[in-house]
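Trainee: next come a sequence and a model predicted from it.
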Amino acid sequence: MPAVRMLQHVVGQLLLGPACGCRTSALPARSLGASPWQIPANANFHSASFSETDRPRVLITGGLGQLGVGLANFLRKRFGKDNVILSDIRKPPDHIFQSGPCIYSDILDYKNLREIVVNNGITWLFHYSALLSAVGEANVSLAKAVNITGLHNVLDVAVEHGLRLFVPSTIGAFGPTSPRDPTPDLCVQRPRTIYGVSKVHAELMGEYYHHRYGLDFRCLRYPGIISADSQPGGGTTDYAVQIFHDAVKNGKFECNLKPSTRLPMMYIDDCLRATLEVMEAPAESLSMRTYNINAMSFTPEELAQEVHKHIPEFQITYNVDSARQAIADGWPVSLDDSNARKDWKWKHDFDLPELVTTMLNFHGSDTRIAQAN
Ligand SMILES: NC(=O)C1=CN([C@@H]2O[C@H](COP(=O)(O)OP(=O)(O)OC[C@H]3O[C@@H](n4cnc5c(N)ncnc54)[C@H](O)[C@@H]3O)[C@@H](O)[C@H]2O)C=CC1
Ligand SMILES: CC(=O)[C@H](N)C(=O)O
C-alpha cells in the first residue's frame, strides 16, 4: 500500500470508534492527507466546539454578487465588522473595499481557500459563489467547475476545519416532474438546468457530509430574490429586479418572461434574515438540513399592476426569451415551507405590496398611490 494511502487508512481506523455510533467521523481523503493533526477529537459534531457567546468568524464566498454584500452588511451588524470577510474573484468597488474586510478567493483553488480559513480563524462559511440558471446554461463547463468542483472544495475545507457551513439552494433545484404548487421539501427533483443539477448535488453532498462526517451543514432553498441596491447575476428571475430600475428611470419595461409566469419570490431582507436564523438555530431544532423558504408568488403581469399603482404612466411590454421561459416553466409556482415555519419559526415579512413600495422608495420614485386606485 503506498505510504499516503496507508497513513489515511491508519488515521481513518483510529477515528472509527464505538463512541461514534452510526456516524463515521473519518474525514475525506483530501483532509486526511493534507493535515491529519487538525482533526478534532470530537469530529462527530463540529459545531458544538464553540460556545453560544462566541462571535463566529465568517467567510462569504462569491460575496460580490447580488446577495453577498447585503449579507456581509447584515452579519457585520450582528457580529462586528472585522468578523465578517467578503471574498470573490472580482475586484470590489471602493465603497465595499472600505466597508470591511474584502479579499480575493477563488473557490477552485483549494489551498488558497484553506489558507484563508486557517489564517483568519474562520468558524462559519457562507458559500455564495455560483453561476445562476441562465448564465449556467450559456457556459455549462464553467458552471460545472464553479458549482460542483468549487462546492467539493468548500465541503472539504469545512469538514476539515470544523466549520458551520451554509450553502444556498434554489427553486431551480426542482424540475417539471416535481409537484409545483406548492412544492414540498421532499419530492421528485429532476431539474433540467446545470444550475439545478448542481444545486441538488450540493444539497445531497452537504447532507451526506453531515451524516457521514458530522459536518454542520445548513441549506435553504431560496425563491427568486429581489434587492434594490445590487444587480442580479444572470438568473431567470432577474426581471423582477430590473423592472424597478426601468420603471423609475424610463417609465417602461420589456419583460423576457410571459405575463402569466408565476414564480416564488422574496425580498432580500427576508432572505438574509432567514439565512441568519437557520444558522443560529440550535442543531436539535433542525429536523432536516435543507429547507424550503417561501414568501410570495406573482406573475410579471401582477407585478406590473402593483408598480402601476405607484407610477400610473408605467408600461410593460413582452419580448419572451425562450431559454429563460423554458427554465421558468419547469420551476415551482410556490414552495411549501411548513417545516421551516415549524422547526425554527421562519416567518416572512414582505408580501407584494410592501415589496413594491420598498423597492420604489429605494429607487427614489414618488410612490404616492395613484388617485385612480
Ligand atoms: N439571487 C437569487 O435570486 C438567488 C440566489 N441563490 C443562490 O445564492 C447565491 C448567491 O447568489 P447571487 O449573489 O445572486 O449570485 P451572483 O451570480 O450575483 O454572484 C455569484 C458570485 O460568485 C462569484 N464567483 C464566480 N466564480 C467564482 C470562483 N471561482 N470563486 C469565487 N467566486 C466566484 C462571482 O464573481 C459572483 O460575484 C448563489 O449560490 C445562488 O445560487 C439561490 C436562489 C435565488
Ligand atoms: C431563483 C434563482 O436561483 C436565481 N435567481 C435564478 O433565476 O437563476
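Mentor: Structure received. Ligands and ions are numbered 1, 2, ... in the order given.
Trainee: how deep is residue 67 tucked in, by neighbour count?
Mentor: 23 (other CB atoms under 10 Å). For glycine as for every other residue, the C-beta is placed from the backbone atoms N, C-alpha and C.
Trainee: confidence score at it?
Mentor: pLDDT for residue 67: 98.
Trainee: quick check: residue 260 touching residue 299?
Mentor: Yes: judged on CB atoms under 8 Å, residue 260 makes contact with residue 299 at a distance of 5.4 Å.
Trainee: close to ligand 1: what parts of this structure are there?
Mentor: 61-62, 64-68, 88-90, 105-108, 128-130, 132, 146, 150, 168, 170, 222, 224-225, 232-235, 237 (CB under 6 Å from any ligand atom).
Trainee: of these, list those near ligand 2.
Mentor: Restricting the residues of the chain next to ligand 1 to contacts with ligand 2 (CB under 6 Å from any ligand atom) yields 132, 170, 224, 235, 237.
Trainee: restricted to helices, list the residues of the chain next to ligand 1.
Mentor: Here DSSP state H is the test, and the residues of the chain next to ligand 1 give 68, 150 as lying in helices.
Trainee: list buried members of the residues of the chain next to ligand 1 by neighbour count.
Mentor: Taking 16 or more other CB atoms under 10 Å as the criterion, what is buried in those is 61-62, 64-68, 88, 105-107, 128-130, 132, 146, 150, 168, 170, 222, 224-225, 232-235, 237.
Trainee: helix or strand with the lowest mean pLDDT in this structure?
Mentor: helix 3-15 (a mean of 38; mean pLDDT, DSSP states H and E).
Trainee: before we move on, which element is residue 219 in?
Mentor: Using DSSP states H and E, residue 219 maps to strand 216-222.
Trainee: only C-alpha atoms, please: export that strand in CSV.
Mentor: Taking Å, rounded to 0.1, in the frame of the first residue of the first chain, the C-alpha atoms of strand 216-222 are listed here in CSV:
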residue,chain,number,x,y,z
ASP,A,216,-22.8,21.2,10.4
PHE,A,217,-24.3,21.8,7.0
ARG,A,218,-27.3,24.1,6.7
CYS,A,219,-29.2,24.9,3.4
LEU,A,220,-32.2,26.9,2.4
ARG,A,221,-33.9,26.8,-1.0
TYR,A,222,-34.2,30.5,-1.9
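Trainee: partner strands of it, parallel or antiparallel?
Mentor: Here strand 216-222 is paired, per DSSP bridges, with strand 164-170 (parallel), strand 290-292 (parallel).
Trainee: show me the shaky parts of the stretch 251-373 of the chain.
Mentor: 365-373 (pLDDT under 70).
Trainee: spatially central residue in this structure, please.
Mentor: The centre of the chain sits closest to residue 168, judged by CA atoms, centre = their mean, with a distance of 2.4 Å.
Trainee: so who does that one touch?
Mentor: 67, 127, 128, 219, 220, 221, 222, 275 (CB atoms under 8 Å, 6 or more residues apart in numbering).
Trainee: not counting its neighbours along the chain, what's nearest the residue of the stretch 1-150 of the chain found nearest ligand 2?
Mentor: Closest residue of the stretch 1-150 of the chain to ligand 2, CB to the nearest ligand atom: residue 133 (3.2 Å). Among residues not flanking residue 133 along the chain, residue 195 sits closest, at 4.3 Å (CB to CB, 6 or more residues apart in numbering).
Trainee: quick one: contacts of the helix or strand where the one you found lies?
Mentor: Per DSSP H and E, residue 195 falls inside helix 194-213. Applying CB under 8 Å, 6+ apart, the contact partners of helix 194-213 are 23-28, 43, 130-133, 136-137, 140, 143-144, 147-148, 151-152, 155, 158-159, 165, 167, 169-170, 172-175, 189, 191, 215-217, 219, 289-290.
Trainee: apply 7 Å and report the result again.
Mentor: Here helix 194-213 makes contact (CB atoms under 7 Å, 6 or more residues apart in numbering) with 23-25, 27, 131-133, 136-137, 140, 143-144, 147-148, 151, 155, 159, 167, 169-170, 172-173, 175, 189, 191, 215, 217, 219, 289-290.
Trainee: now that helix and strand 164-170, what's the angle there?
Mentor: Angle of helix 194-213 versus strand 164-170, following axes from the mean of the first three to the mean of the last three CA atoms, to 10 degrees, is 150 degrees.
Trainee: so for residue 260 and residue 299, which residue has more residues nearby?
Mentor: Legend: neighbour count by other CB under 10 Å for residue 260 and residue 299, higher for residue 299 (17 against 9).
Trainee: check contacts around that one.
Mentor: Taking CB under 7 Å, 6+ apart as the test, what residue 299 contacts is 259, 260, 261, 262.
Trainee: which non-adjacent residue is nearest whatever residue of the chain ends up closest to ligand 2?
Mentor: Closest approach between the chain and ligand 2, counting by CB to the nearest ligand atom: residue 235, at 2.4 Å. The shortest distance from residue 235 to any non-neighbouring residue, by CB to CB, 6+ apart, is to residue 132 (3.9 Å).
Trainee: next one, pLDDT for that neighbour please.
Mentor: 98.
Trainee: backbone dihedrals for it, both of them.
Mentor: With angles defined as degrees, to the nearest 10, residue 132 sits at phi -80, psi -180.
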